[in-house]
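Peer 1: Predicted model and sequence below, questions to follow.
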Amino acid sequence: MATEALVSFAVERLGDKLIQEAKFLKGVSRQADRLHRDLRAMQCFLEEADKKQEEDSRVRNWVSDIREAVYNAEDIIDMFILNAQSLRINFFLKCGFKKLINRYKVGKKIEALQLGLLDISNRREALGIKNIGEGRSRSFENQMLQGLRRSSPHAEEHVVVGLEKEADELVNQLIGGDLRRRVISLVGMGGIGKTTLDKKVYNHRQVMECFPDCRAWAYVSPDCRPRDVYMQIIKQLEKRYLIVLDDVWSCRDWNFLAKVSSNDPDCLGNVFPDGGNGSRLLLTTRDKDVALHADARSTPQEMQLLSKQKSWNLFCGKAFLDHVDADRYPPDLVQLGREMVDKLMTVLNLSYIDLPSYLKPCFLHLSLFPEDYVISTRKLFLLWIAEGFVLSAEQADQQSMKVTAEVYLNELINRNLIQVVRMSVNARVVECRVHDLMRELAIRKAKEQNFFRTHDIEDPLSSSTSNSSLFSSKWRRQSIYSDMERYASVEHNTPYLRSLLFFNLRHEICRFSQLDFIGKCFKVLRVLDLEGVKVESLPSIVGTLIHLRYLGLRHTGLKLLPLSIGNLRSLQTLDVHNLKQVPNVIWKIQNMRYLYMEGQKYDIPLKIDTLENLQVLSGITFKQWIQNNSSKLTCLGKLKLEGRYELASEESSFPSLAMDSCLYLSKLDIKGHMQKLSESFQFPPNLSQLALDSCRLDCDPMPILEKLPKLLTLRLRAESYLGTEMHVSANGFPQLKVLQLFELSKVIKLNIENGAIPWLMQLHCQFSTRISGVDKLSNLVEVKIVIDSMIPSFSPFARFLSTYRSRKYHLYWDHSWTTNRNGQKEFWTRRRKASDCQTCAATGLTSVQNSAVAVEMIGPIFSRWDSTQEKGS
């Protein structure tokens, strides 16, 4: 369960508050500090106790008591700080007396809580669970579950649905390819059918003919015991071999099995020798990292979930052996079957239990999002940070928190708990979603811990449910999928709610403009996300939410923010766009780290150079930036500047881009008319990503930009350059890996000298731009050409591509046609991996030589491209 992690985060937050809010805690600081020490002492028992909750209800109840105690401690301290702040603002003669009363009440609450903690400690010993780390490693139920999952190749499934293509691909990998010993991995979430597919392939006729003497099957399990696995294998092995390792859970387990040290007394030598005879290992795992660790040169095969119809067909084949129409059977039985198809919770629970403690709250948090909802990873990272789920190695190192959050996400993806929806050009996840089954698991686990409550649009605030059950005071988070006006009109009994997220699934325009109930009912709120909810104004009472860390107002239609927003001293993230103007009170929010305010209508002064913790600043205008002392923004890592690009006057142009004092600035996005490009030494010294949009530069930007020593990604878009030619000199762009040139309507030629852009991997451009020197880019792996089908030279180029049948080109490159969001055709070609094209072994080329040959094969395409351009012109 996630209790250990949730409690740890809560205890850490409590400790931070004792330091940060010392001035407000005056008078109760000693009691609060002792409470914090007591909670930290209890925390020591939680890691092992968390693991035993699944098997012992006494432990589960005990852990639940600790969780509630920590939550109560947070509530007491937060409410005390809130009241102290209120008394400080509303000062009058009786204020001192009220402060004394407030301290007395809080002191009594802390004393009561400490007595409760003492009782929890005593009950732990009385219940005989003081040695929580000792005893059985698994419960009887878990052992039974492992027994049910234990696999054998001889019990082949006779009813297999939807795995034909996957089986054929696996068979080809097992019997084909080079003669080195390879590890072929099958990756997928628990219960998806990996073992079933393994059995099908293991007993396939072609596989049996290829490995007639030596085939072995070993079940590994979460409790990997190498000697047991070896004994299973030794009994079955002789010569050229095929070994199936079913259910390998971790890289550590693989190391135990295949790479144990010869100094290990349990080592049986080189367990899986590579005799150069075409031996194969077929491995199944839930974690993609395990597959890549086992054999980095082989591409893991990732299984996809069956559709609901195929799942139903599979159930019918199992339950109704005569395969007749299932409609002939009683409706109750059919309904039961459909429920069984939809719910694999028992098996999926193993994947959850195996999660490290720091990932469990992040996984549970995904339950807040609606079914099939596409989640922005940028937003997800900021929510996790605001919730306190992401802790850097040193908590003061705030700069690394988004990086850590991205690591958490990738780990959940590799464990097949999250699905990738969209990737960026530099292979980072931009959007993701949670499969229905995993979301159901997250919801079930979250409800067990009062982690959250959702209100669905299908049954918004049902009148059949009492308010007391609808709005439990113990809930910490709520997500609303229903009509906001109806939600606002209900009596709320969740004074300690920490997160409130709205999802306007029907995309209705909500005319309800008064949001006062949020400030009145949820006074210790940390996260408020109103994205997509159409509201007319934000009430000033929002400024009383002094614990608020995240405020999401994107796509709300808001045009103005109240001046009271400057009172949100804990706010870390403000996400809003298309305001008429941003109130000049942002400078007061000293904890601000992520400020998104794109699309300001009026360019009024905005002071931001007091925000020393600011890491992302997106949407500040050129004029606002110049009026601030940027050298004070010592933590700034990402900056997006916007200009009055609809005006062409000199006043609206950006005169200088001197940012050399911004030492941590690595990502820069500039949108708007610029007078000229600054010299390379005036750019941030650690700049790695640069985007220029609508800058309307008259001079070729390449001679300046190619001197940026650490630039990895360059995007020139939407008339950022008005000239006709660009030139990259030898040794230019020493580190650049991604180059994108889009909507540069006047650029007809890009010349790349020999030795320039040596590490370029991705080239995206438009058909109207002729590029010379591509055949010298030996590290190029992807080319995307955007084509306007109306241009005269498109047809001959398309005909050439359709008939280009160079054998070597097709050995090295895959290509396809796609249509982008603007309806334009895109020719996309990507170099195959060396392990796929098999040309190194066939030709005797080294990997370096192989790369050069591969790029040469695309040369004729660009030559033909040039010739069609000349004919078209």
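Peer 2: Looks like it arrived, so ask away.
Peer 1: what sits against the closest residue to L497 other than its chain neighbours?
Peer 2: Distance criterion C-beta to C-beta, 6 or more residues apart in numbering; nearest residue to L497, sequence neighbours excluded, is F522 at 4.7 Å. C-beta here means a position set from N, CA and C on the backbone, and glycine is covered the same way. Counting by C-beta atoms under 8 Å, 6 or more residues apart in numbering, F522 touches 492, 494-495, 497, 500, 545.
Peer 1: Now do the same for F522: its pLDDT.
Peer 2: With respect to pLDDT, F522 scores 91.
Peer 1: Please shift the residue numbers so they start at 41 in all later answers.
Peer 2: Yes, from this point I'll number from 41; that puts the last item at F562.
Peer 1: Please state the backbone phi and psi of Q246?
Peer 2: For Q246, the backbone dihedrals (degrees, to the nearest 10) come out as phi -70, psi -40.
Peer 1: mind checking how far F296 is from S319?
Peer 2: 20 Å (C-beta to C-beta, to the nearest Å).
Peer 1: and what of I121?
Peer 2: Here I121 is placed at a distance of 65 Å from S319 (C-beta to C-beta).
Peer 1: For R80, pull up the helix or strand it's in.
Peer 2: If you go by DSSP states H and E, R80 is part of helix 69-83.
Peer 1: swap that for R526, please
Peer 2: Counting by DSSP H and E, R526 is part of helix 524-529.
Peer 1: which secondary structure elements does the helix or strand just after that helix contact?
Peer 2: Downstream of helix 524-529, the next assigned helix or strand under DSSP H and E is strand 539-542. Counting contacts by 3 or more C-beta pairs under 8 Å, 6 or more residues apart in numbering; DSSP states H and E, strand 539-542 packs against strand 517-520, strand 567-569.
Peer 1: ok, 10 Å please
Peer 2: helix 417-427, strand 517-520, helix 524-529, strand 567-569, strand 590-592 (3 or more C-beta pairs under 10 Å, 6 or more residues apart in numbering; DSSP states H and E).
Peer 1: Need these in CSV (columns: mean pLDDT, distance to S658 and mean neighbour count).
Peer 2: CSV is the format used below for the helices and strands packed on strand 539-542 (pLDDT from 0 to 100; distance: least, C-beta to C-beta, whole Å; neighbours: other C-beta atoms under 10 Å):
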stretch, mean pLDDT, distance to S658, mean neighbour count
helix 417-427, 96, 10, 22
strand 517-520, 90, 25, 22
helix 524-529, 76, 27, 15
strand 567-569, 96, 18, 23
strand 590-592, 97, 14, 24
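Peer 1: between the ones you listed, which one is nearest to G795?
Peer 2: Comparing the helices and strands packed on strand 539-542 by their distance to G795 (C-beta to C-beta), the top pick is helix 417-427, with 36.9 Å.
Peer 1: can you state the direction angle for the next helix or strand after that closest one and helix 417-427?
Peer 2: Beyond helix 417-427 on the C-terminal side, the first helix or strand identified by DSSP H and E is helix 441-454. With axes from the mean of the first three to the mean of the last three C-alpha atoms, to 10 degrees defining the directions, helix 441-454 sits at 110 degrees from helix 417-427.
Peer 1: What helices and strands are in contact with the helix holding R526?
Peer 2: strand 517-520, strand 539-542, helix 556-561.
Peer 1: in the stretch 741-890 of the chain, which spans are helices?
Peer 2: 742-745, 834-843, 847-852, 874-877, 879-883, 887-896 (DSSP state H, counting those that start in this stretch).
Peer 1: Repeat that for the stretch 541-690 of the chain.
Peer 2: So, for the stretch 541-690 of the chain - with DSSP H, counting those that start in this stretch - the helices run 556-561, 662-666.
Peer 1: buried set for the first one?
Peer 2: Neighbour counts using 16 or more other C-beta atoms under 10 Å place 557-559, 561 of helix 556-561 among the buried residues.
Peer 1: Would you agree R479 falls within a helix?
Peer 2: Yes - according to DSSP: H, G, I helix; E, B strand; the rest coil, R479 belongs to a helix.
Peer 1: before we move on, the earlier item: a markdown table for the helices and strands packed on helix 524-529, including distance to P743?
Peer 2: Formatted as a markdown table, the helices and strands packed on helix 524-529 follow (distance: least, C-beta to C-beta, whole Å):
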| stretch | distance to P743 |
| --- | --- |
| strand 517-520 | 52 |
| strand 539-542 | 49 |
| helix 556-561 | 54 |
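Peer 1: Between these, which one is closest to A770.
Peer 2: strand 539-542 (53.3 Å).
Peer 1: before we move on, back to that, using a markdown table, lay out the helices of the stretch 541-690 of the chain together with distance to G763.
Peer 2: Output for these, formatted as a markdown table (distance: least, C-beta to C-beta, whole Å):
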| stretch | distance to G763 |
| --- | --- |
| helix 556-561 | 53 |
| helix 662-666 | 22 |
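Peer 1: so who does I453 touch?
Peer 2: Counting by C-beta atoms under 10 Å, 6 or more residues apart in numbering, I453 makes contact with 328, 459-460, 469, 472.
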